[in-house]
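A.B. asks: A structural model of the following input is requested.
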Amino acid sequence: MKIHDHPASASKSSPTSAQPFLQPEAADINWFNALLKAPATSTSYPPAPETHFAQPLTRRSALLQDLSNTAARALQKVSASTDPMDMLKSTRAMSAFHLETVLSAKMISKTSQAIEKLTNLS
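C.D. replies: Predicted structure coming up:
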C-alpha cells in the first residue's frame, strides 16, 4: 500500500507542528521501561470448589486449635498456682473453647442437613 502526500496537506500545518518536540521526563521513561521489562505474571485461576469450601473449615479448625492450646496453657498455669485469677482465666478459656466447639458442631450439622435436603429434592 502506497501513501501519497497531497500538496494540499503539505501546505497546512497542524497545531502541534508549530511547537518544538519536547523530550519526555526521565522518570516517565524509567517507569515505562520498568513496566515493559517486568516479569510476566502468571494468570491466576479461581480456586477449585473444594478449596473454596475448605477455607472456612480450615480457619475454623485453626481457631479451635488455638482455643484448645490457650485452655491447655491456662490449666497448666492454674495447676501450679494458688492465684484465684488464674482459676478464673482457665475457666474462661475452657468456656470459650467449649462454646466454639459446640457452635462448630452445630454449623457442620446444619450444613450437612441442608446438603441432604438439596440432594433429596431431585
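
A.B. asks: Check which residues of the longest helix seen in the chain are buried.
C.D. replies: Longest helix in the chain, counting residues (DSSP state H): helix 84-120. For helix 84-120, a neighbour-count test (16 or more other Cβ atoms under 10 Å) marks 86, 89-90, 93-94, 97, 100 as buried. Every residue, glycine included, has its C-beta placed from N, CA and C.

A.B. asks: so where does Thr70 fall, helix or strand?
C.D. replies: In this assignment (DSSP states H and E), Thr70 forms part of helix 49-79.

A.B. asks: What is that helix packed up against?
C.D. replies: In terms of contacts (3 or more Cβ pairs under 8 Å, 6 or more residues apart in numbering; DSSP states H and E), helix 49-79 is packed against helix 84-120.

A.B. asks: what's the pLDDT at Ala71?
C.D. replies: The confidence metric pLDDT takes the value 94 at Ala71.

A.B. asks: tell me the contacts of it?
C.D. replies: Contacts for Ala71 (Cβ atoms under 8 Å, 6 or more residues apart in numbering) come out as 90, 93-94, 96-97.

A.B. asks: and if we set it to 10 Å?
C.D. replies: Neighbouring residues of Ala71 by Cβ atoms under 10 Å, 6 or more residues apart in numbering: 89-98.

A.B. asks: want to try JSON lines for these, with distance to Glu116 and pLDDT as columns?
C.D. replies: What follows is those, written out as JSON lines (distance: Cβ to Cβ, whole Å; pLDDT from 0 to 100):
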{"residue": "Lys89", "distance to Glu116": "41", "pLDDT": "93"}
{"residue": "Ser90", "distance to Glu116": "39", "pLDDT": "94"}
{"residue": "Thr91", "distance to Glu116": "37", "pLDDT": "95"}
{"residue": "Arg92", "distance to Glu116": "36", "pLDDT": "95"}
{"residue": "Ala93", "distance to Glu116": "35", "pLDDT": "94"}
{"residue": "Met94", "distance to Glu116": "33", "pLDDT": "95"}
{"residue": "Ser95", "distance to Glu116": "32", "pLDDT": "96"}
{"residue": "Ala96", "distance to Glu116": "31", "pLDDT": "95"}
{"residue": "Phe97", "distance to Glu116": "29", "pLDDT": "95"}
{"residue": "His98", "distance to Glu116": "27", "pLDDT": "96"}
